[in-house]
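>>> The following comprises the amino acid sequence and a computationally predicted model.
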Amino acid sequence: LTKYSAAILADDMGLGKTLQTMMAVKALRTGRVLVLCPAAALETWRDELLKWGVEVKTSVVLSSSATKSARTEWERSPKATWVVCSYDHRMVARCMELAFVDEMPEFLVLDEAHRLRGRNSKRSEMLESVRPLVSKVIAITATPQFNRPRDLYQLLRILYGYRFGNQYEF
């Protein structure tokens, strides 16, 4: 991670970005971890955490499901070290209210970070409110190239604040 406590991990699909991120977090963290990802990747994160040695009792995958197992995950979330949640702004708000009521996450992992385009989106607003609460961030993407500079700017602003000036200066 840089002196700004943020990094982008950009690599092709299937080369182990999730594992690389988990090992970096393991080496650098002392506190809790919040992983934000597309809803379709929630179970992949659960599988990878278990596969690479994160104990079931120390990780939760939060969903909007009303099943008993989903409610149990929400109940366990305030004590979990690894909390995985979708990018849905309502889910993240609920996650921050329930899972991190006593202790904020130290680390934020943004999976599929190329989806963070659009400075006026609900997702961007949500990330702008969550980012100041964490001390370290890793953004993961298999698509590091953007069609327009303003799309890259949005990701850099989430990670590094206004160190690159405003969108027009960038």
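Noted; the coordinates are in hand. Numbering: from 1, shown residues only.
>>> Now do stretch 115-122, average pLDDT.
For stretch 115-122, mean pLDDT is 68.
>>> Mind listing what's buried along stretch 94-103?
By neighbour count on 16 or more other CB atoms under 10 Å, the buried set for stretch 94-103 is 94-96, 99-100. Placement of C-beta: from N, CA and C, glycine included.
>>> To clarify, my last question referred to stretch 84-92.
By 16+ other CB under 10 Å, the buried positions in stretch 84-92 come out as 84-89, 91-92.
>>> go on, stretch 6-26?
Buried, per 16+ other CB under 10 Å, within stretch 6-26: 6-9, 17-18, 21-22, 24-25.
>>> residue ranges of the strands in this protein, please?
Assigned by DSSP state E, the chain shows strands spanning 6-10, 33-37, 59-61, 82-86, 107-110, 136-141.
>>> In the sheet, which strands lie alongside the third one, parallel or antiparallel?
Applying DSSP bridges, strand 59-61 is found paired with strand 82-86 (parallel).
>>> Report the angle between the strand it pairs with and strand 33-37.
Inter-element angle recorded for strand 82-86 and strand 33-37: 20 degrees (by axes from the mean of the first three to the mean of the last three CA atoms, to 10 degrees).
>>> E48: which of the buried residues of stretch 84-92 is nearest?
In terms of CB to CB, no member of the buried residues of stretch 84-92 lies closer to E48 than V84, at 9.7 Å.
>>> beta partners for that closest one?
V35, V61.
>>> again with L108
L108 has these beta-bridge partners by DSSP bridges: L34, V137.
>>> please begin residue numbering at 13 from this point
Understood, numbering begins at 13; the last thing we discussed is L120.
>>> That one is in contact with P144, isn't it?
No - shown here, L120 and P144 do not form a contact pair, counting by CB atoms under 8 Å, at 10.5 Å.
>>> Between the two, which is the more surrounded one?
The neighbour comparison of L120 against P144 (other CB atoms under 10 Å) goes to L120, with 24 against 9.
>>> so what's the more buried one up against?
Listed by CB atoms under 8 Å, 6 or more residues apart in numbering, the contact partners of L120 are 45-46, 48, 142-143, 146, 148-150.
>>> low pLDDT regions in the chain?
Along the chain, segments meeting pLDDT under 70 span 13-16, 129-132, 156-160, 182.
>>> mind redoing it with 80?
13-16, 23-27, 41-42, 78, 126-137, 155-182 (pLDDT under 80).
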